[in-house]
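Q: what follows is a protein structure lacking sequence information:
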């Protein structure tokens, strides 16, 4: 019997963008009492990898180690790799900004990417994810980026809710994505204002 090759169709990456009309209003960074926001330092390498490897990214085929961390650091923007410390000095949350115009499924000219948002499971639901996301977004705006984006997997509903609440909007760059995002919004109980979401970056420029 001849072998059968099964072709799998890759699921398009889900992107969200920061609206151009909100570039003049960067999100506020609010940190709960008992935590400190600071930038990454060289001596944080092991603790950082320990944090994000807890349960965060293996489902996306990524794991933090010396090599992958180096690749993050060489693309991280200055003063844009944020960490949150608990009172005992333990690292409990992180996010970073990267210069990344060549995203996996779409090109964002001079694109700034919000990357690797992660909060320790024991410190979730305290606003730490919102704080580091806001810090990165505000930093990208401060530097001068206009194409600010993130990618997210559809099953990460708490993360998607956080991004929506902060001000990011779905980017409908491919046919069929409006249906996908309507399903996500239904699961979240979030209004699916599809007609207001951009389909191209031109839509974002025209919104100004």
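A: In hand now; what should we look at? Please read all numbers here as calculations on a predicted model, not as lab measurements.
Q: tell me which element the closest residue to residue 75 other than its chain neighbours is part of?
A: Once its chain neighbours are removed from consideration, residue 75 has its nearest residue in residue 98; the separation is 4.5 Å (CB to CB, 6 or more residues apart in numbering). Heads up, the C-betas are built off the backbone N, CA and C, glycines and all. In this structure, residue 98 is located in strand 91-99 according to DSSP states H and E.
Q: and stretch 89-105, average pLDDT?
A: Averaging pLDDT along stretch 89-105 yields 95.
Q: what residues of that stretch count as buried?
A: Using 16 or more other CB atoms under 10 Å as the burial criterion, the residues of stretch 89-105 that qualify are 91-100, 103.
Q: the strand holding residue 98 pairs with which strands?
A: strand 76-85 (antiparallel), strand 111-119 (antiparallel) (DSSP bridges).
Q: and those: which comes nearest residue 179?
A: Ranking the strands paired with strand 91-99 by their distance to residue 179 (criterion: CB to CB) puts strand 111-119 first, at 24.7 Å.
Q: select the longest helix from this structure.
A: Taking DSSP state H as the assignment, the helix of the chain that covers the most residues is helix 128-143.
Q: quick one: buried residues of that one?
A: The neighbour-count check on helix 128-143 (16+ other CB under 10 Å) flags 128-141 as buried.
Q: residue 181 looks like it's in a helix, true?
A: Yes. Secondary structure of residue 181, determined by DSSP: H, G, I helix; E, B strand; the rest coil: located in a helix.
Q: give the contact list for it.
A: 14, 170, 172, 192, 194, 197 (CB atoms under 8 Å, 6 or more residues apart in numbering).
Q: hmm, 7 Å instead?
A: With contact taken as CB atoms under 7 Å, 6 or more residues apart in numbering, residue 181 is in contact with 170, 172, 192.
Q: same thing with residue 168?
A: By CB under 7 Å, 6+ apart, residue 168 lies in contact with 16-18, 150.
Q: could I get those as CSV with secondary structure and distance to residue 188?
A: Compiled in CSV, the contacts of residue 168 are given as follows (DSSP: H, G, I helix; E, B strand; the rest coil; distance: CB to CB, whole Å):
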residue, secondary structure, distance to residue 188
16, strand, 13
17, strand, 18
18, coil, 19
150, strand, 16
